[in-house]
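Got a sequence here, can you model it:
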Amino acid sequence: MPYDASRIVILDRDGVINRDSEAYIKSLEEWQPYPSSIEAIARLTRAGLTVAVATNQSGIARGFYDEATLSLMHAELRRRVQEAGGNIAHIAYCPHGPGDACDCRKPLPGLLEQIREALGLDNLKGSWMVGDSLRDLQAGEPMGCRPVLVRTGKGSQTEAKGVGLEGTLVFDDLAGFTDWLLANERP
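Sure, this is the predicted structure:
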């Protein structure tokens with residue numbers, strides 16, 4: 001079944017799906033989803049939307065954890081979402097640090113380009129980009145994504161700065177956005 005870009009929701013991970021930490025999420029034990037986020041993802045999926053994840057994981061480049069540990073976290077995320085009746089179509093991650101000159105670290109759009117390719121789309125115009133930081137939203141701009149800021153994670157601080165949020169929808173958390181989207185989106 002071909003994907004419809006306007007029915008794709010791209011989520012940042014840390015601070016949107018799970019609690020964030022200034023010390024990085026370095027293990028499966030430290031990966032703690034927000035109570036309502038797993039069900040929100042499942043609700044989006046059950047409503048016929050496609051959910052993908054785009055996440056910077058510079059803790060790998062910094063030596064705090066490895067890709068095998070990240071895979072365990074993502075397997076647990078997928079397991080919990082599937083258990084709730086949902087699905088994550090693709091998880092794109094950037095393992096690089098800020099100085100690595102890659103094209104995938106948000107605010108660059110490389111992770112969204114990976115998602116676009118994985119889903120076999122010509123573009124992501126009209127997709128939703130949900131994040132808790134300005135760089136999440138900036139990654140979606142050149143791809144034509146509609147920006148959504150959640151106040152979880154670093155979202156409240158991002159909102160308080162008020163810079164670069166023109167045209168951005170703001171919600172308390174992923175569940176709040178999901179409630180709004182499912183009430184306002186046409187199938």
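
can you give me phi and psi for Gly63?
phi 80, psi 10 (degrees, to the nearest 10).

And stretch 75-87, what's buried?
77, 80-81, 84, 86 (16 or more other C-beta atoms under 10 Å). Every C-beta, even on glycine, is put in place using the N, C-alpha and C of the backbone.

before we move on, what about stretch 43-51?
In stretch 43-51, counting by 16+ other C-beta under 10 Å, buried: 43-45, 49-51.

Any idea how many residues pack against Arg7?
18 (other C-beta atoms under 10 Å).

so it touches Gly48, yeah?
Yes - using C-beta atoms under 8 Å, Arg7 is in contact with Gly48, at 6.6 Å.

so where's this protein shaky on pLDDT?
Per-residue confidence for the chain (pLDDT under 70) gives these ranges: 1, 186-187.

just to revisit the earlier point, quick one: which of the buried residues of stretch 43-51 sit in strands?
If you go by DSSP state E, the buried residues of stretch 43-51 have 50-51 in strands.

Make CSV from the buried residues of stretch 43-51 and add distance to Arg151 to it.
Formatted as CSV, the buried residues of stretch 43-51 follow (distance: C-beta to C-beta, whole Å):
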residue, distance to Arg151
Arg43, 19
Leu44, 19
Thr45, 23
Leu49, 21
Thr50, 24
Val51, 20
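
Quick check: Glu67 vs Ala61, distance?
11 Å (C-beta to C-beta, to the nearest Å).

still on that earlier bit, for the buried residues of stretch 75-87, give me a markdown table that also has secondary structure and distance to Ala183.
Rendered in a markdown table, the data for those read as follows (DSSP: H, G, I helix; E, B strand; the rest coil; distance: C-beta to C-beta, whole Å):
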| residue | secondary structure | distance to Ala183 |
| --- | --- | --- |
| Leu77 | helix | 26 |
| Arg80 | helix | 24 |
| Val81 | helix | 21 |
| Ala84 | coil | 20 |
| Gly86 | coil | 18 |
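
Break down this protein into its strands, ranges please.
For the chain, strands defined by DSSP E occupy the ranges 8-11, 50-56, 90-94, 128-131, 146-150, 169-171.

Between strand 50-56 and the third one, find me the angle.
Taking axes from the mean of the first three to the mean of the last three C-alpha atoms, to 10 degrees, one finds strand 90-94 and strand 50-56 inclined to each other by 10 degrees.

So which other helices or strands are in contact with strand 90-94?
Where contact means 3 or more C-beta pairs under 8 Å, 6 or more residues apart in numbering; DSSP states H and E, strand 90-94 is packed against strand 50-56, helix 67-83, helix 110-118.
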